[in-house]
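J.: just need the structure, nothing else, for what follows:
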Amino acid sequence: MMINNALNIGIQGIQDGMQGVEGAARKIARGGVDGPRGTADGGSNGMIESIVDLKLYERSVEASAQVVKTADETLGTLLDIHA
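T.: Numbers count the residues shown, from 1 in each chain. Just a heads-up that it's a prediction; the model follows:
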């Protein structure tokens, strides 16, 4: 049961991180223009924040993938023990 929870948490983390990556990538593609009627959102600061966000979400996805990998390996070990 705990392995299932770990898998679900890892998968949810991957999904959330990918949504964040997509959002940050959209902001970067727009060149930091995010305000109403095309006004600049902080100029280059908005672009820098978007790049930092992109890297943070990337690391989040990597960490969540590691959770899934570890849960999978643990489940495999438990199945080998019971076999």
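J.: buried ones in the biggest helix by length in the chain?
T.: Looking across the chain with DSSP state H, the single longest helix is helix 44-82. For helix 44-82, the neighbour count (16 or more other Cβ atoms under 10 Å) marks 46-47, 50, 53-54, 57, 60-61, 64, 67-68, 71 as buried. Backbone N, C-alpha and C define where each C-beta goes, glycine included.
J.: may I have the residues that are in contact with the residue nearest in space to the middle of the chain?
T.: The centroid of the chain falls nearest to Gly17 when counting by Cα atoms, centre = their mean (1.8 Å). The contact partners of Gly17, by Cβ atoms under 8 Å, 6 or more residues apart in numbering, come to 57-58, 60-61, 64.
J.: show me which of those residues is closest to Gly76.
T.: Lowest distance from Gly76 to the contacts of Gly17 (Cβ to Cβ) belongs to Ser64, with 18.9 Å.
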